[in-house]
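Undergrad: quick one, what's the 3D model for this:
(2 chains)
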Amino acid sequence: MYARTPNSGAIAAVAGIGLRAGHYEAVLEARPAPGWVEVHSENFFGAGGRPLAVLERVRARCPISLHGVGLSLGSTDPLDRGHLDTLAALCRRFEPGLVSEHLSWGSAGDVHLNGLLPLPYTEEALAHVSARIEQVQQTLGRQLLVENISRYLDWRHSTIAEGEFIAELVRRSGCAVLLDVNNLYVNACNHGQDPAAFFEALPAAAVAEIHLAGHTVKTVAGQPLLLDTHDRPVCPEVWALYREALVRFGPRPTLIEWDSALPPLAVLLHEAALADALLENRDEPALA
Amino acid sequence: MNPRLRELQLAFVAAVYRGDTAALEPLVRARGLPPAARLAVYRNDTVLNLSGALAAAYPVVQRLVGEGFFAFAAGRYVEAQPSTSGDLHGYGAGFAAWLEALPQTESLAYLAEVARLEWALHEAYFAAEAPPLVLDALARLPVQAHARLRVRLHPSARLLASSLPVLAIWQANQPGADGGGVDLGAGVERLLVSRLAGEVGVARLGVGEFALLAALADGAALARACAEALEAEPGFDPGPALGIWLARGLAVDAYFVNNDEED
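TA: Below is the predicted model of the structure:
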């Protein structure tokens, strides 16, 4: 079934793009192929059909990363074995270079919100999530990357700063970090979180991937609230924060995420070229 | 007293689906924005996300009722039937039955039927792969064994019968089509949804053909399926229909049942 792939699947410190159904054909035709692509794991949970067939052809062209949105790492419901087994089967079949999930929860009492909900940063949550990450890593037989999310609320009883919380997850579970720079910027604006302190807290060696995306500024109750919408280009402030991240952590595989209001693929590839220029420490092509 | 993580999550899920977040508000830091407004972001997100999954699976229903009513109906459905999986692709299986029971759609008898067709197409898109039955193997069986043979249809196959011209409505409401020209009195439609040779498609079936395939899908032996087809359509010749559908790969396996009483 699975044709042998010409690439090992390992993802280098270059830019990749998020792949959504609207770009399936375009990505297969793009010359050259993108450096790598990242897909939402759950979009390939079906038993068969076009998505899996497309992913096989994409995988033959470039390395892929599986990015989960539904495992609900932080939920207090038991881990969904069926969900995890499907993810494990995808990993065996496609040999992704990276596998990631969000530092969030999404269900309780078997009812799902299918969103990325903020955890209170407490000792209880820390112990719970690190045990869950260990469980997932054991089943997958590989290291999991955990991503910092955009938050629209903070819990009053949180006692640990987000950066320290993630650093401690790394220490306890051996997981890696997917640093989403846009989410960090959204949280800086929404909650006054200090990006420098966040960077400082993270163990540099554990940062294995970086996400870049666009967000929307909405007015809620007369106040600006940044929403992590992935529907537009990366903003200048996030590019600036990305430069700082590269200084702190060094070059890392960097993803341009774009989920809704999909533009032509060329727009994503252009954003990826901007990231590549920064990764290679070149002048940005647009500014040259 | 700070809530345990479990209590917090159960309260949050209930509050978001109910749209009543008062009990959670004291737990949320305000910082320039009222807790109620912060929690409302998550409620809106959930409703929009799940409604979006419904709209993706039911584009023709959305076109038939308009975006405004669809958003209203989807929002009500989300409250009535919360998601039970981290994989959204299975969300909305019960939408047709739920729409049917909605008082506002009482005069739109075709709406639930169109929804059933759309869900069959949605399922067919994600169904498992299965290579076609190798016909040479069947040809080597003694002819008298054929009557007792049963077949397994492709995992994507869905048979639908409707008293309304559901496929005609669906076709008239594809992107670019003008939505008109459908005769609602056109009579019964019998359909086969499947994904054979990689493409999801719908075929209109004749009376006998539908009865034949429906019986086979139910696991009837070939002789019984042919008898049911003849009963449904006197004079129907099952041979050509069987030949066409086997050649297209609709059957993926053939088997006998031990101690089969049926001859």
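
Undergrad: all contacts plus neighbour counts: C-alpha atoms, from now on.
TA: Fine.

Undergrad: how far off centre is stretch A:254-267?
TA: 14 Å (Cα atoms, centre = their mean, to the nearest Å).

Undergrad: name the residues of that stretch that are buried.
TA: Using 16 or more other Cα atoms under 10 Å in any protein chain shown as the burial criterion, the residues of stretch A:254-267 that qualify are A:Thr254, A:Leu255, A:Ile256, A:Glu257, A:Trp258, A:Asp259, A:Leu262, A:Leu265.

Undergrad: check stretch B:199-212 too.
TA: B:Val200, B:Val202, B:Leu205, B:Gly206, B:Val207, B:Gly208, B:Glu209, B:Phe210, B:Ala211, B:Leu212.

Undergrad: what is the neighbour count of residue 123?
TA: Using chain A. If you count neighbours by other Cα atoms under 10 Å in any protein chain shown, A:Glu123 ends up with 13.

Undergrad: please go with chain B instead
TA: Under the neighbour criterion other Cα under 10 Å, B:Glu123 is assigned a count of 26.

Undergrad: return the distance of the least confident helix or strand in chain B by mean pLDDT from the chain's centre.
TA: The helix or strand of chain B with the poorest confidence is helix B:135-139; it has a mean of 82 (mean pLDDT, DSSP states H and E). Centroid displacement of helix B:135-139 relative to its chain, using Cα atoms, centre = their mean, is 32 Å.

Undergrad: ok, back up a step: which one of the buried residues of stretch B:199-212 sits closest to chain A?
TA: Checking the buried residues of stretch B:199-212 against chain A by Cα to the nearest Cα gives B:Val200 as the nearest, at 9.0 Å.

Undergrad: bridge partners for the closest one, pull those for me.
TA: Taking DSSP bridges as the rule, B:Val200 bridges to B:Arg195.

Undergrad: spatially central residue for chain B, please.
TA: Here the mean C-alpha position of chain B is nearest to the C-alpha of B:Trp119 (Cα atoms, centre = their mean), at a distance of 2.5 Å.

Undergrad: list the buried ones in the host helix or strand of that residue?
TA: Using DSSP states H and E, B:Trp119 maps to helix B:109-126. Across helix B:109-126, burial judged by 16+ other Cα under 10 Å covers B:110-126.

Undergrad: give me the outermost residue of chain A relative to its centroid.
TA: Centroid-distance maximum for chain A: A:Gly222 at 30.7 Å, with Cα atoms, centre = their mean.

Undergrad: point out where the chain drops to low pLDDT.
TA: I went with chain A, as the question did not name one. Low-confidence segments of chain A, defined by pLDDT under 70, are located at A:1-6, A:282-288.

Undergrad: my bad, chain B
TA: For chain B, the ranges with pLDDT under 70 are B:1, B:259-263.

Undergrad: can you pull out the helices in it?
TA: All helices of chain B, identified by DSSP state H, fall at B:5-18, B:35-57, B:59-80, B:95-101, B:109-126, B:135-139, B:143-146, B:166-172, B:207-217, B:222-232, B:238-247.

Undergrad: can you get me a residue count around the spatially closest residue to A:Tyr242 that is not a sequence neighbour?
TA: Sequence neighbours aside, A:Val181 is the residue nearest to A:Tyr242 in space, at 6.3 Å (criterion: Cα to Cα, 6 or more residues apart in numbering or on different chains). A:Val181: 26 surrounding residues under other Cα under 10 Å.

Undergrad: tell me how far A:Val181 lies from chain B.
TA: As judged by Cα to the nearest Cα, to the nearest Å, A:Val181 and chain B stand 21 Å apart.

Undergrad: residue contacts, that residue?
TA: Taking Cα atoms under 8 Å, 6 or more residues apart in numbering or on different chains, we find A:Val181 in contact with A:Ile210, A:His211, A:Leu212, A:Val238, A:Leu241, A:Tyr242.

Undergrad: if you rank these by neighbours, which is first?
TA: Counting neighbours by other Cα under 10 Å, the top entry in the contacts of A:Val181 is A:Leu212, with 27 neighbours.

Undergrad: how about the residues of chain A by chain B?
TA: When proximity is defined by Cα under 8 Å from any Cα of the partner chain, chain A lies next to chain B at A:42-43, A:45-50, A:69-72, A:75-76, A:83, A:106-115, A:117, A:120, A:124-125, A:152-157, A:191, A:220-221, A:223.

Undergrad: any idea how far stretch A:265-273 is from the chain center?
TA: Worked out by Cα atoms, centre = their mean, stretch A:265-273 lies 18 Å from the chain centre.

Undergrad: ok, what's across the strand from A:Ala108?
TA: Residues in beta-bridge contact with A:Ala108 (DSSP bridges): A:Val111.

Undergrad: quick one: the strands in the stretch 101-250 of chain A, in order.
TA: Along the stretch 101-250 of chain A, counting by DSSP state E, counting those that start in this stretch, strands occupy A:105-108, A:111-117, A:145-147, A:176-180, A:207-213, A:216-220, A:223-227.

Undergrad: which parts of chain B sit against chain A?
TA: So chain B meets chain A at B:2, B:4-6, B:9-10, B:13, B:27-35, B:37-39, B:41-42, B:45-46, B:49-50, B:82-89, B:125-129, B:198 (Cα under 8 Å from any Cα).

Undergrad: around residue 23, count how many other residues there are.
TA: Since you didn't name a chain, this refers to chain A. For A:His23, using other Cα under 10 Å, the count is 15.

Undergrad: oops, I was thinking of chain B
TA: Count around B:Ala23 with other Cα under 10 Å applied: 10.

Undergrad: what's near enough to touch B:Gly75?
TA: Neighbouring residues of B:Gly75 by Cα under 8 Å, 6+ apart: B:Val47, B:Ser51.

Undergrad: state the distance from it to B:Ala55.
TA: For B:Gly75, the distance to B:Ala55 equals 11 Å [Cα to Cα, to the nearest Å].

Undergrad: residues near B:Ala241, how many?
TA: B:Ala241, neighbours per other Cα under 10 Å, totals 18.

Undergrad: so it touches B:Glu209, yeah?
TA: Yes: with contact defined as Cα atoms under 8 Å, B:Ala241 counts as touching B:Glu209 (6.4 Å).

Undergrad: how about the contacts made by residue 105?
TA: Just going to use chain A. Each residue near A:Trp105 by Cα under 8 Å, 6+ apart is listed here: A:Ser72, A:Leu73, A:Gly74, A:Ser75, A:Gly115, A:Leu116, A:Leu117, A:Pro118, A:Leu119.

Undergrad: looking at chain B here, not the other one
TA: Counting by Cα under 8 Å, 6+ apart, B:Thr105 touches B:Leu99, B:Leu111.

Undergrad: smallest gap between the stretch 51-200 of chain A and chain B, at which residue?
TA: Proximity of the stretch 51-200 of chain A to chain B (Cα to the nearest Cα) peaks at A:Gly70, 4.2 Å away.

Undergrad: now do the contacts for that residue.
TA: So A:Gly70 contacts A:Glu42, A:Gly106, A:Asn114, A:Gly115, B:Ser85, B:Gly86, B:Asp87 (Cα under 8 Å, 6+ apart).

Undergrad: likewise A:Thr122?
TA: Here A:Thr122 is in contact with A:His157, A:Ser158, A:Thr159, A:Ile160 (Cα under 8 Å, 6+ apart).

Undergrad: please pick the buried ones from the residues of chain B next to chain A.
TA: Buried among the residues of chain B next to chain A by 16+ other Cα under 10 Å: B:5, B:9-10, B:13, B:27-30, B:33-35, B:37-39, B:41-42, B:45-46, B:49-50, B:82-89, B:125-127, B:129.
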